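Chemist: Sequence first, then the predicted structure:
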Amino acid sequence: MTTQTPRKIAIIGAGQAGLLLGAGLLDQSHQVTIYTNRDGASFWNGKVMSSQFIFDPKLQVERDWKMNQWEAACPNTDGISFAIPNPDGSGTKAIHWYAPLYAPGQAVDQRVKYPGWMDEFVRRGGKLSIVDVGVAEMEELAGTHDLVLLAGGKGEVVKMLSTNAERSPVKESMRKLALTYVTGMKRHDYIECVNFNLIPGVGEYFVFPSLTTGGPYGSGKTQVCDIMVLEGVNGGPMDRWHECKDAADHLQMSLDILKKFLPWEYERSKDCQLTDDNGILAGRITPTVRNPVLHLPSGRKVMGLGDAVIVNDPVTGQGSNNATWGAKHYFEAIMARGNQPFDEAWMNRTFDELYNGYAEKVVRWTNSLLLPPPEYIVNMMGAAQGIPALASRLANGFNDPTDYAEYWFDAAANQRAIEEAAKGGKA
Ligand SMILES: Cc1cc2nc3c(=O)[nH]c(=O)nc-3n(C[C@H](O)[C@H](O)[C@H](O)COP(=O)(O)OP(=O)(O)OC[C@H]3O[C@@H](n4cnc5c(N)ncnc54)[C@H](O)[C@@H]3O)c2cc1C
């Protein structure tokens with residue numbers, strides 16, 4: 001086997017995918033430079049961007065690459081809880097179950113994580129350059145590096161990658177999204193969960209603990225909080241964020257929605273405070289899968305990574321998880337490439353392996369949750385109340401959503417999964 005000589009790699013975008021992969025590659029003696037348009041202070045002092053909940057298999061990638069700096073400080077979330085309110089407006093639950101994850105997940109605010117990871121990347125010998133990258137910069141980078149990866153998240157620049165229409169069946173944003181970061185939430189009387197509530201025809205609400213900023217930039221101080229994620233069906237009663245003038249309004253709107261639709265969540269949240277005035281966000285996302293290779297005017301190539309190539313609605317909380325899995329997959333492909341060129345065929349093959357082997361199933365499952373659920377799915381959610389093995393399988397699918405492909409999309413397969421779980425089978 002020939003030894004790999006250090007490759008010169010440029011990554012555009014200091015986010016979950018770019019920083020993680022950059023650090024992993026540095027540890028293998030590659031020369032990595034990250035070009036990104038925000039510095040640490042701008043993240044720390046800026047608005048929240050995500051709820052960034054990460055499940056154990058992807059946390060393991062962070063551990064493996066020693067990028068788990070906040071693991072001890074961040075609260076663990078041990079399970080998944082699922083509830084549907086009664087349609088009669090009585091404020092009671094029609095369905096409720098919860099099940100432990102085989103290992104906890106965690107959510108570290110990207111405002112904490114990205115500045116910390118940027119420092120760590122530099123500490124390990126990486127070069128970090130603060131620049132808003134456009135075509136001219138990409139041309140220069142592609143001319144001077146073995147490989148240029150575009151990991152610019154939802155930045156405008158990623159739109160230069162063409163959309164793959166076949167892999168992007170959802171053509172518009174299906175939810176109005178909101179985040180509300182709070183302190184002072186009371187706990188439920190069961191294990192610490194991602195509490196997922198589905199309000200048919202209205203939207204979804206999920207909430208879980210996190211670690212956020214707790215002092216000025218540079219202090220490294222953090223605090224424990226809870227993140228409320230509200231996903232409102234377009235034009236419905238949760239699609240009202242445009243009415244909010246300020247952060248206080250946003251918190252009040254969040255509480256009003258809970259009071260009306262999910263009183264059990266309202267009861268434990270009504271005395272909450274915002275973590276800070278930047279602990280709110282309202283927006284929307286059009287789920288999009290892009291083609292991985294960007295052809296620059298010169299003919300040079302840049303390869304997309306993370307949200308730049310696969311952006312999902314956050315309803316299943318898989319974006320940071322996908323970005324991490326993508327970083328791991330690209331890392332392995334780069335290592336396996338030895339000293340051969342990172343040509344277009346390699347770029348397409350590397351992405352297709354990730355997409356066909358993993359991401360396609362995440363995309364399909366996530367997109368399915370944006371449409372009203374078929375009756376058999378609602379029935380299965382009800383059945384999980386009385387079949388712990390089924391609840392466990394459903395909950396642990398979040399760790400590896402490829403399992404849903406076995407039973408989520410087909411009524412007969414679904415029935416078999418329920419029967420198998422009822423007999424104490426696959427869990
Ligand atoms: C409301 C909401 C809730 C979410 N909740 C979850 C969740 O619970 N779990 C989960 O797994 N995922 C969640 N996500 C998705 C997750 O946040 C993203 O999928 C993840 O951050 C993608 O990582 P990335 O590295 O691809 O991009 P990002 O983390 O967005 O990083 C992109 C980087 O590129 C930089 N950049 C952009 N343009 C340029 C440019 N022109 N030049 C240089 N740099 C540039 C940016 O500044 C940033 O540093 C959520 C998203 C939203 C919106």
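Modeler: Arrived safely, thanks for sending. As the structure is a computational prediction, the values presented were derived from the model and not from experiment.
Chemist: show me what contacts Asn322?
Modeler: Each residue near Asn322 by Cβ atoms under 8 Å, 6 or more residues apart in numbering is listed here: 306-307, 310, 312, 359, 362. To be clear about C-beta, it is placed using only N, CA and C from the backbone, and glycine gets the same treatment.
Chemist: check which helix or strand covers Tyr114.
Modeler: Following DSSP states H and E, one finds Tyr114 within helix 110-123.
Chemist: buried residues in that helix?
Modeler: Neighbour-count burial for helix 110-123, counted by 16 or more other Cβ atoms under 10 Å, picks out 110-118, 120-121.
Chemist: Count residues in the vicinity of the residue of the stretch 1-150 of the chain found nearest the ligand, would you?
Modeler: Of all residues in the stretch 1-150 of the chain, the one sitting closest to the ligand is Gly15 (1.9 Å; Cβ to the nearest ligand atom). A total of 30 residues lie near Gly15 under the criterion other Cβ atoms under 10 Å.
Chemist: my guess is it meets Gln110, correct?
Modeler: Yes - counting by Cβ atoms under 8 Å, Gln110 is a contact partner of Gly15 at 7.5 Å.
Chemist: Next, see if whatever helix or strand Asn322 lives in gets close to the ligand.
Modeler: For Asn322, the element it lies in under DSSP H and E is helix 319-336. Yes - Helix 319-336 comes into contact with the ligand (Cβ under 6 Å from any ligand atom), by way of 319-321, 323.
Chemist: what residues are up against the residue of the stretch 1-150 of the chain closest to the ligand?
Modeler: 110, 114, 151-153, 306-307, 323.
Chemist: What residues does the stretch 201-350 of the chain have near the ligand?
Modeler: 229, 285, 306-307, 314, 317-321, 323.
Chemist: Name the nearest residue to Phe331, ignoring sequence neighbours.
Modeler: Distances taken as Cβ to Cβ, 6 or more residues apart in numbering place Gly24 nearest to Phe331, at 4.9 Å, with adjacent residues excluded.
Chemist: Next, count neighbours for that neighbour.
Modeler: 24.
Chemist: A strand includes it, no?
Modeler: No - using DSSP: H, G, I helix; E, B strand; the rest coil, the assignment for Gly24 is helix, not a strand.
Chemist: and the stretch 51-200 of the chain, which residues reach the ligand?
Modeler: So far as Cβ under 6 Å from any ligand atom goes, the stretch 51-200 of the chain lies against the ligand at 51-54, 132-133, 151-155, 157, 177, 179.
Chemist: Which of those residues are buried, as a ChimeraX select command?
Modeler: Selection of buried members from those for ChimeraX, criterion 16+ other Cβ under 10 Å:
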select :51,52,53,54,133,151,152,153,154,155,157,177,179
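Chemist: Which ones among the residues of the stretch 51-200 of the chain next to the ligand map onto strands?
Modeler: Counting by DSSP state E, the part of these found in strands is 177, 179.
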